[in-house]
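Q: show me how the following folds:
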Amino acid sequence: MSANTNIRRVKSSDLELKDRLVSIQRVTKVTKGGRTFSFSAIVVVGNENGIVGYGLGKASEVTTAISKGVEDAKKNLVKVPVFKGTIPHEQIAKYGGASVFIKPASHGTGVKAGGAMRAVLESVGVTDVLAKSKGSSNPHNLVKATVMALLELRDAQSIAELRGVSLNKVFNG
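A: Model prediction:
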């Protein structure tokens, strides 16, 4: 992860989580007896109200791989600040070869993002955002870069607490 040490972890026990399948791949292991096929699935879960997590599942059956991915995602839930259906400020993040840029948008814009980024942003509950992915289009790295960008977001309340000043002073200087 990045230098952000205050990762906001969440327990999945009493949350109403929805899962989204981002990518599924058939992978092959070559042995002396021939090829062995299995499946790898990356899944994003979220309550569409500021909580999101991603997970990877691998199995010989597609449905088993997806359910393992969902279980893994439920173990890695984090809280993200969402303000009036968008994000508080612009953010850039990079993971591996994937680089993502997310920017707040006015009400009614919608989620302007592609594939893996869209799944993460919709799962977290963002309804209006502009997003761009640069570099690699590998879904694993895109999901991780998007979650990293969301984790680096800070809302006005947390900034006020960090500085030890009132919320008014954050906006008025």
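
Q: hmm, S123 is touching E48, no?
A: Yes. Using Cβ atoms under 8 Å, S123 is in contact with E48, at 6.6 Å. Bear in mind the C-beta positions are built from the backbone N, C-alpha and C, glycine included.

Q: more crowded one of those two?
A: S123 (25 against 16; other Cβ atoms under 10 Å).

Q: Three-state assignment for that one, please.
A: helix (DSSP: H, G, I helix; E, B strand; the rest coil).

Q: quick one: the helices in this protein?
A: With DSSP state H, the ranges of helices along the chain come out as 62-75, 115-124, 139-151, 156-163, 167-172.

Q: and stretch 96-108, average pLDDT?
A: Average pLDDT, stretch 96-108: 92.

Q: need the contact list for the residue nearest the centre of the chain.
A: Nearest to the geometric centre of the chain sits V147, at 3.5 Å (Cα atoms, centre = their mean). If you count contacts by Cβ atoms under 8 Å, 6 or more residues apart in numbering, V147 has them with V52, Y54, V78, V120.

Q: was I right to think S67 contacts G57?
A: Yes. If you go by Cβ under 8 Å, S67 and G57 touch, sitting 6.8 Å apart.

Q: test my guess that G110 contacts L130.
A: No. Contact criterion Cβ under 8 Å: G110 and L130 do not qualify, at 9.5 Å.

Q: the more surrounded of the two?
A: Set G110 next to L130 and count neighbours by other Cβ under 10 Å: L130 wins out with 18 against 11.

Q: let me know how buried the residue nearest to the more buried one when sequence neighbours are not counted is, in neighbour terms.
A: Residue nearest to L130 in three dimensions, not counting chain neighbours: K103, with 4.5 Å by Cβ to Cβ, 6 or more residues apart in numbering. Residues contacting K103 under the criterion other Cβ under 10 Å number 15.

Q: shared neighbours of S123 and E48, anything?
A: Residues touching both S123 and E48 (Cβ under 8 Å, 6+ apart) are K18.

Q: hmm, which two among the contacts of V147 are most spread apart?
A: V78 and V120 (11.0 Å; Cβ to Cβ).

Q: so for those two, which residue has more residues nearby?
A: In this view V78 and V120 are compared by other Cβ under 10 Å, and V120 has more residues nearby, 30 against 18.
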